[in-house]
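Colleague: Just need the structure, nothing else, for what follows:
(one chain, ligands or ions: 1)
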Amino acid sequence: MKFPIFPNDNAAPIECSFFVGGTWGVTDRFFQVYSPSKGKVIANVAAADADVAHQAVEKASSTFEVWRRTTPYLRSELLKAWHAAMLEHIEGLALTISMEMGKPIQEARGEVRYAASFIELYAREVLRTAGDVIPSHAGDKRLASWHQPVGPVYAITPWNFPAAMITRKLAPALGAGCTAIVKPAEQSPLTALYLAWLWEKVGGPAGTLQVITTNDPVAVSKVMFDDARIRKLTFTGSTEVGKALYRQSANTLKRVSLELGGHAPFIIFEDADLDAAVAEVISCKFRNAGQTCVCTNRIYVHRSIANQFADKLGHAVSDLKVGDPLSEDTRIGPLVDAQGRDKALAHIKDAIGKGASVVAGGKALDGLFVQPTVLIGVTEEMLIMSEETFGPVAPLIVFDCESEVVRKANASPYGLAAYLWTRDLTRAYLVAEALDYGMIGINDGAPSTAQAPFGGVKDSGLGREGGPWGLQEYMDVKFVSTKLTRTELFNEEP
Ligand code: SIN
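Modeller: Numbering: from 1, shown residues only. Predicted coordinates for the structure are as follows:
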């Protein structure tokens, strides 16, 4: 393989191999990757089957025996080189992300920087994986805990952040001494291949990182779940699929990290700075055209400021430029596919049908584009209040008091991210403590950052990514008890 793979927008579809066993594999079976903005095929990608999956497991397992014995210093140096290579290739990677899943190019560059920041973080973090010396209960025993890599990892990654959701998993996995097999989403396998190519280019040993591209995920994943040598599953995606994978992981009792769906409330109290809140709702809700697990899906606005806020938000949203993701001034690109577009439109239609009013947008545009939309008068029985929209639709719900809004915010099976907007510090703390969510933004609509714990509670998942928590997900704790043959330092008579 040779990257960057998109020299220009009019290039003919390229042909891509999977990356298994340290080689760019050949096959006669391919699947197509579409550009959601152009609606045309941009790549034919090799489709791995169960046989290829077996080869990948074999290689991940034999390489693990060598890789686990390398020093954290060596792994850290490789991560640093991978990080530098990503930043050198920022334009190529951003273009690939933009082409394959429609993210506006400026945001795609931001994603590459965000993705690279996980690698940089873990290049440092891996040097701090010290164990503990444990106080002993017996004079002739010395106790310790060691941290060791869990083993080969299977990572299933989503299309909405095709670079960042890979590095957030792989940087700690590889840094800890695990080998990893990534199965990227069918919509966006090219970024994953690009990242693997960079890893290979900086000297990442064959078999440490493999990318298995496929349009038959069930067959490939079955091999991974049935094989006890794969010790860990890490998945970002829907709650429904996450639960099914959790069940499948039980047979071989794999360690599991699940970053699943969300339905984030964004609470705007009457004392909020409304202009600042509008700007943060825009970055929270409309980032990636609303195709983000942590983006708000319910905006609760205090009754006394609801009309004023709706007006300001409506104006700001109408100014967001919708269009070709490769144009520098585009803020809203297409949705990833017809299913995504239809769901967003169904939520708008259902809400209007049940009495909501459109403040901005509300319509389908050509192809996979949907106008960024603000709805007011949204109520509990509307679909948008229980399903994750994953599109550029901001529903406003009016509330009257703190206890009511906290109860409503918590009345969801999801518990990923929640946001609140107020100038009252006491209120901010008390409400943040009461919200049943894994992450809280206080006057902050975009809290994600590599060094912080990212993850949810309830139906939003298990485990944390980022910071030292993210590294522990790839390490087992081994208890070591040493019994001494004597207890005195000198056993000779004086
Ligand atoms: C996600 O949508 O799961 C990732 C968003 C983020 O890292 O902020």
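
Colleague: Mind jotting down where the helices sit in the stretch 301-450 of the chain?
Modeller: Counting by DSSP state H, counting those that start in this stretch, the stretch 301-450 of the chain has helices at residues 306-318, 338-353, 402-410, 425-434.

Colleague: Please point out which parts of the last one sit buried.
Modeller: In this case it means helix 425-434. 428, 431 (16 or more other C-beta atoms under 10 Å). For glycine as for every other residue, the C-beta is placed from the backbone atoms N, C-alpha and C.

Colleague: Pull the number of nearby residues for R287.
Modeller: 24 (other C-beta atoms under 10 Å).

Colleague: Then L383?
Modeller: L383 has 16 nearby residues by other C-beta under 10 Å.

Colleague: What of V378?
Modeller: 24.

Colleague: possible to save the helices of the stretch 301-450 of the chain as TSV with distance to the ligand?
Modeller: Shown next, in TSV, are the helices of the stretch 301-450 of the chain (distance: least, C-beta to the nearest ligand atom, whole Å):
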stretch	distance to the ligand
helix 306-318	20
helix 338-353	14
helix 402-410	19
helix 425-434	18
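
Colleague: got CSV for those, with mean pLDDT too?
Modeller: Converted to CSV, the helices of the stretch 301-450 of the chain look like this (pLDDT from 0 to 100):
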stretch, mean pLDDT
helix 306-318, 98
helix 338-353, 98
helix 402-410, 98
helix 425-434, 98
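
Colleague: what's the pLDDT at A130?
Modeller: At A130, the model reports a pLDDT of 89.

Colleague: hang on, it in a strand?
Modeller: No: read with DSSP: H, G, I helix; E, B strand; the rest coil, A130 is coil and lies in no strand.

Colleague: and it, how many residues sit next to it?
Modeller: By other C-beta under 10 Å, neighbour count at A130 equals 9.

Colleague: What of M165?
Modeller: Neighbour count for M165, taken as other C-beta under 10 Å: 31.

Colleague: Who are the contact partners of it?
Modeller: Contacts for M165 were tallied using C-beta atoms under 8 Å, 6 or more residues apart in numbering; they are 157-158, 236, 259.

Colleague: Could you tell me which residues of the stretch 151-300 of the chain lie near the ligand?
Modeller: 160-161, 236, 259, 292-294 (C-beta under 6 Å from any ligand atom).

Colleague: So which of those residues are in strands?
Modeller: 236, 259 (DSSP state E).

Colleague: about what we covered before: any chance of the helices of the stretch 301-450 of the chain in TSV, plus distance to L127?
Modeller: Below are the helices of the stretch 301-450 of the chain laid out as TSV (distance: least, C-beta to C-beta, whole Å):
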stretch	distance to L127
helix 306-318	44
helix 338-353	41
helix 402-410	40
helix 425-434	33
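
Colleague: From the centroid of the chain, which residue is nearest?
Modeller: In the chain, the residue lying closest to the centroid (C-alpha atoms, centre = their mean) is M165, at 4.0 Å.

Colleague: how near is that one to C293?
Modeller: From M165 across to C293, the span is 10 Å (C-beta to C-beta, to the nearest Å).

Colleague: tell me, what's touching these two both at once?
Modeller: 236, 259.

Colleague: Surely T252 and K222 touch.
Modeller: No: between T252 and K222 there is no contact under C-beta atoms under 8 Å: 11.6 Å.

Colleague: tally of neighbours for the closest residue to the ligand within the stretch 301-450 of the chain?
Modeller: Residue nearest to the ligand within the stretch 301-450 of the chain: S448 (3.2 Å; C-beta to the nearest ligand atom). Neighbours of S448 under the rule other C-beta under 10 Å: 19.
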